[in-house]
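*Asks:* Here is my input, please return the structure:
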Amino acid sequence: MAWLRRFELLAWTAGILLVAVWGAAYVHKSVLSRRDLARFETASRTRVASSPARVLPGEAPPDKTLWSKERVRAYEESLKQKSSDPLAVLRIPKIGLEVAVLDGTDDLTLNRAVGHIQDTPKPGENGNVGIAGHRDGIFRGLKDVVRGDTMELETMSGKEAYRVDDIWIVNPEDIHVLDPTPGRALTLVACYPFYFVGSAPKRYIVRAVAQERPAASRVP
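*Replies:* Purely as a prediction, here's the structure:
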């Protein structure tokens, strides 16, 4: 039965060809898959390498020598909870302060750092940037800051120097201190008096203005 043998031969040939095609397709798919993964990994590394470093606070914990016991406990408790990424880092050399500026002024934020005040420009933007902190915690050292002292604000765009221009004691409703300013400014806000027992009735305001950089250091 020659026709049966020919049919069997054709069937075997077709089967071998199908297996070969499947094998080639599998290998091709595997190669492309690995290539895509390699391309993705390369692209990811490139994005990470080209992205600006995230601004983080200093590694050293804050100096809590002047803090109230309640604020120390609140700070330690806040470290157990997740917070937002820092918008900036505020440094005031006069009082040895280096602290992250987080978004918002809720209890968690102000217990572990200082907070950007809503409806004011974000750190690094033009205008009057409002930053709040607790008088019996991170911002207690503001009591020793005077006109002419310097501070630094670091954002993803770089570092900028500020000089204290004015200091006020105002009522809580005197929110005009957060009004827009013609130039770049920082307005630091804490309750006052610093050692008042209970809810402090006043607000302590430190206004610092951006310092003009030397022409040689400006980026064209």
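
*Asks:* Test my guess that Tyr162 contacts Glu152.
*Replies:* Yes: with contact defined as CB atoms under 8 Å, Tyr162 and Glu152 form a contacting pair (7.1 Å). The way it works is simple: take the backbone N, C-alpha and C, and place the C-beta from them, glycine included.

*Asks:* Would you state the helices of this structure in chain order?
*Replies:* 2-50, 69-78, 107-112 (DSSP state H).

*Asks:* which stretch in the ones you listed is the model least sure about?
*Replies:* The weakest mean pLDDT among these belongs to helix 2-50, with a mean of 51.

*Asks:* can you pull the pLDDT of the nearest residue to Tyr204 once chain neighbours are set aside?
*Replies:* Of all residues not flanking Tyr204 in the chain, Tyr192 sits nearest, at 3.9 Å (CB to CB, 6 or more residues apart in numbering). At Tyr192, the model reports a pLDDT of 97.

*Asks:* Same question for the one 10 residues further on.
*Replies:* pLDDT recorded at Lys202 is 97.

*Asks:* how's this structure carved up into domains?
*Replies:* Per automatic domain parsing, the domain ranges recorded for the chain read 1-51, 69-217.

*Asks:* so which of those domains gets nearest Asp63?
*Replies:* Between Asp63 and the domains of the chain, the shortest gap by CB to CB is with domain 69-217, which sits at 6.2 Å.

*Asks:* related to what we said a few turns ago, could you dump the domains of the chain to a markdown table with distance to Asp63 and mean neighbour count?
*Replies:* Formatted as a markdown table, the entries for the domains of the chain read as follows, by distance: least, CB to CB, whole Å; neighbours: other CB atoms under 10 Å:
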| stretch | distance to Asp63 | mean neighbour count |
| --- | --- | --- |
| domain 1-51 | 32 | 10 |
| domain 69-217 | 6 | 17 |
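
*Asks:* Format the ones you listed as TSV; extra columns: distance to Pro61.
*Replies:* As requested, the domains of the chain are exported to TSV (distance: least, CB to CB, whole Å):
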stretch	distance to Pro61
domain 1-51	28
domain 69-217	9
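
*Asks:* Show me what the longest strand that the chain contains is packed up against.
*Replies:* Taking residue count as the measure and DSSP state E as the definition, the longest strand of the chain comes out as strand 158-170. For strand 158-170, the elements it packs on are strand 150-155, strand 185-192, strand 202-210, judged by 3 or more CB pairs under 8 Å, 6 or more residues apart in numbering; DSSP states H and E.
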